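K.L.:
Sequence first, then the predicted structure:
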Amino acid sequence: MPTAIVFLALLDVIYDNRILPLRFNDMSPGFKYIFETIMAVLLLEMGMLIWQSIEHSIYLFAKGTLLGLDVVSKQTYYKQENLIIGAFTLPLSLAILIAAAQATDHYQMFRRRIAN
């Protein structure tokens, strides 16, 4: 779930930014769409690699801390591992989504639509 939320945040940022240089405006529309798709996929893949490294660091930190300090037993930890790691990564992924939405002004547009 947190990975999907970060994926949406990255898509929001990529959608809001111009990823093609201005000189591509003179080229054929088909070429522009192909190049823009390739650039979006590359940027999305880079962002997901960064998120996965952050998520893995959180996983290692949480596992080391919880098991190292005997906060939970090994049996309980391994039984509830997904829930425990999700409790650490979900708030961070939501914060990233909110920051991306505010940076692109899509948060304000969303609030206006809900208010009406």
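P.N.:
Done, it's in.

K.L.:
SS state for residue 20?
P.N.:
What DSSP: H, G, I helix; E, B strand; the rest coil gives for residue 20 is coil.

K.L.:
Give the burial count for it, as a bare number.
P.N.:
13 (other C-beta atoms under 10 Å). The C-beta positions use only the backbone N, C-alpha and C, and glycine is treated the same way.

K.L.:
dump the residue contacts of it.
P.N.:
Neighbour list for residue 20: 32, 35-36, 39 [criterion: C-beta atoms under 8 Å, 6 or more residues apart in numbering].

K.L.:
Narrow those to those in helices?
P.N.:
Residues of those located in helices (DSSP state H): 32, 35-36, 39.

K.L.:
and of those residues, the nearest to residue 5?
P.N.:
Of all those, residue 5 sits closest to residue 39, with 22.6 Å by C-beta to C-beta.

K.L.:
Excluding sequence neighbours, find me the nearest residue to that closest one.
P.N.:
Leaving aside its chain neighbours, residue 39 sits nearest to residue 19 (4.7 Å; criterion: C-beta to C-beta, 6 or more residues apart in numbering).

K.L.:
Any chance of the contacts of residue 20 in TSV with neighbour count, pLDDT and distance to residue 5 as columns?
P.N.:
Shown next, in TSV, are the contacts of residue 20 (neighbours: other C-beta atoms under 10 Å; pLDDT from 0 to 100; distance: C-beta to C-beta, whole Å):
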residue	neighbour count	pLDDT	distance to residue 5
32	14	84	30
35	15	87	28
36	15	86	24
39	14	88	23
